[in-house]
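*Asks:* give me a model of this one.
(2 chains)
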Amino acid sequence: MRHLRRSRLLLVAVLVAAIASGAAAYALADSGQSSPAEQLNANPGPEPFLHASGVTASEAHPAFALQDGQTVSVIEKGSTRCLLHGIGARTAGRCFSEAAITEGAAVTVYDECASSGRHLMEITGLVPPGTTAVRLSSSDGRSQDATVVDGAFKFEGTNPAAGAPYPTAVAWITSSGAATGSADLPVSAGQFCLPTS
Amino acid sequence: MRRSFRTRATVVAAALLSALALGMTTASAASAFSESYGFYEVGNGGYVQSAGAHTFWLNNGAAGTGGTLACQLFNHAKANNVEHGSGACTVTYFGGEFVWARVYNQAGFGQRIGGEAET
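*Replies:* Numbering: from 1, shown residues only, chains lettered A, B, ... in the order given. The predicted model follows:
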C-alpha cells in the first residue's frame, strides 16, 4: 500500500516536471513576442505587420501572380487594406490606412539582384479608392500604365542597369483618365540592387 | 477491482498528460527560427544585419522614424533579393539557401532601424 502511494507520488512528480519543461520550452519558443521588431511595431506574433492591424494571412484573397511565381494577395478590413506576397502558404505583407495608401506608402519595389538570377524587378502596391489604373513614370520621361485588380497593381520588368532609365513615381488614374495624385517610388537611382559585401 | 480501476485511470491520465507535455515540447522545437537584429541608430545609407546566415525566407525591417528602407536577403552565391518600402519593408527568398538578412536606412537621415528574419 505504502509502495503504491510512493509510486503515485513519483508519477505525479514526473508529470509535473514534464509539464513544466514543456511549458517552459513553449514559452521560450514564443519569446520572440517581446522582440524589438514587435515592440517597434507594437504587435506580437509571427506576422508582425499584419497582427498590428488585427488581421491574419488567412484572410487574404489572391489578386494576381508575378513572373517569379509569387502571388500577390489583398486583405480589406474596415478602413485598413493589406498587401501580401508569398508562395503557397508562406505569405507576408503589410497593412495601410487609406491616407497612407494615397501617399504611396503601400508601393514597394522588389528586386532580384543575384548575378545568377533573372534580374527581375516587380513594383506592386495598393491604390486609393476610385483608381482604375496606375501610371509608372521613368527617369527618361516615358510612362506605362497598369490596370488595377482588387485595389492592387503590378509592373514587372528587370532591374535598371547602371546609367539606364529607371522608374521614379506612380500616379493614380481614374476611369476618366485624370490623375488624382502621385507618389515617388521608395527607391532612388543607384539603389535598385544592393551589395552583398 | 476498485483499486485496479483507479490504477488504470491513473495510468491513462498520466499517459495523456505526458503526451500533452511531449507535444508542447515537440511543437516548440519544431517552431521556425527567428532572429531579431539591429534596433540602433544608423546614418543614412547605413544598415543593420543578422548575426548569422540561416535558411531565412522572410526578413521584415522597420524604421523608428519613417522614410525609405530596404530589406535584403542575400548570400555570396545565388541569392540577393531586395525590397524597398516606406517606413518598413518585407523581403522574401524562397530559394532555401542560407542567407543573411539586412535592413538599410535610405531615409536621407539617421534613425533607429531593426529587422526580424524567419526561417
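
*Asks:* need the contact list for B:Tyr93.
*Replies:* The contact partners of B:Tyr93, by Cβ atoms under 8 Å, 6 or more residues apart in numbering or on different chains, come to B:Phe56, B:Trp57, B:Asn59, B:Leu73, B:Ala79, B:Asn81, B:Val99. C-beta coordinates here come from the backbone N, C-alpha and C atoms, glycine included.

*Asks:* which among these end up buried?
*Replies:* B:Phe56, B:Trp57, B:Asn59, B:Leu73, B:Ala79, B:Asn81, B:Val99 (16 or more other Cβ atoms under 10 Å in any protein chain shown).

*Asks:* measure the last one to chain A for me?
*Replies:* Distance of B:Val99 to chain A, computed by Cβ to the nearest Cβ, to the nearest Å: 10 Å.

*Asks:* which strand residues bridge that residue?
*Replies:* For B:Val99, the beta-bridge partners under DSSP bridges are B:His54.

*Asks:* hmm, it is touching B:Ala79, no?
*Replies:* Yes. With contact defined as Cβ atoms under 8 Å, B:Val99 and B:Ala79 form a contacting pair (4.9 Å).

*Asks:* what touches both of those two?
*Replies:* Shared contacts of B:Val99 and B:Ala79 (Cβ under 8 Å, 6+ apart): B:Leu73, B:Tyr93.

*Asks:* from the buried ones among the contacts of B:Tyr93, pick the one nearest A:Glu98.
*Replies:* Minimum distance to A:Glu98 across the buried ones among the contacts of B:Tyr93 is 27.2 Å, recorded for B:Asn59 (Cβ to Cβ).

*Asks:* so what's the closest one up against?
*Replies:* Contacts for B:Asn59 were tallied using Cβ under 8 Å, 6+ apart; they are B:71-73, B:90-93, B:101-103, B:115-118.

*Asks:* let me see the contact set for the spatially closest residue to A:Asp111 that is not a sequence neighbour.
*Replies:* Spatial nearest neighbour of A:Asp111, chain neighbours left out: B:Val82 (4.4 Å); criterion: Cβ to Cβ, 6 or more residues apart in numbering or on different chains. The contact partners of B:Val82, by Cβ under 8 Å, 6+ apart, come to A:Tyr110, A:Asp111, A:Cys113, A:Phe192, A:Cys193, A:Leu194, B:Ala70, B:Cys71, B:Gln72, B:Val91.

*Asks:* may I see those organised as CSV, with pLDDT and neighbour count added?
*Replies:* Shown next, in CSV, are the contacts of B:Val82 (pLDDT from 0 to 100; neighbours: other Cβ atoms under 10 Å in any protein chain shown):
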residue, pLDDT, neighbour count
A:Tyr110, 96, 25
A:Asp111, 95, 27
A:Cys113, 92, 20
A:Phe192, 91, 24
A:Cys193, 89, 22
A:Leu194, 91, 20
B:Ala70, 97, 25
B:Cys71, 97, 28
B:Gln72, 98, 30
B:Val91, 94, 30
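
*Asks:* let's see which of these end up in strands.
*Replies:* Among the contacts of B:Val82, the members found in strands (DSSP state E) are A:Tyr110, A:Asp111, B:Ala70, B:Cys71, B:Gln72, B:Val91.

*Asks:* among the buried ones among the contacts of B:Tyr93, which are located in strands?
*Replies:* B:Asn59, B:Leu73, B:Asn81.

*Asks:* going by distance to A:Val134, which of the ones in strands among the contacts of B:Val82 wins?
*Replies:* Of all these, A:Tyr110 has the smallest distance to A:Val134: 15.7 Å, by Cβ to Cβ.

*Asks:* next, count neighbours for the spatially closest residue to the closest one that is not a sequence neighbour.
*Replies:* Closest residue in space to A:Tyr110, ignoring its immediate chain neighbours: A:Glu122 at 4.4 Å, by Cβ to Cβ, 6+ apart. Neighbouring residues of A:Glu122 were enumerated by other Cβ atoms under 10 Å in any protein chain shown; the total is 20.

*Asks:* nothing else from me, thank you.
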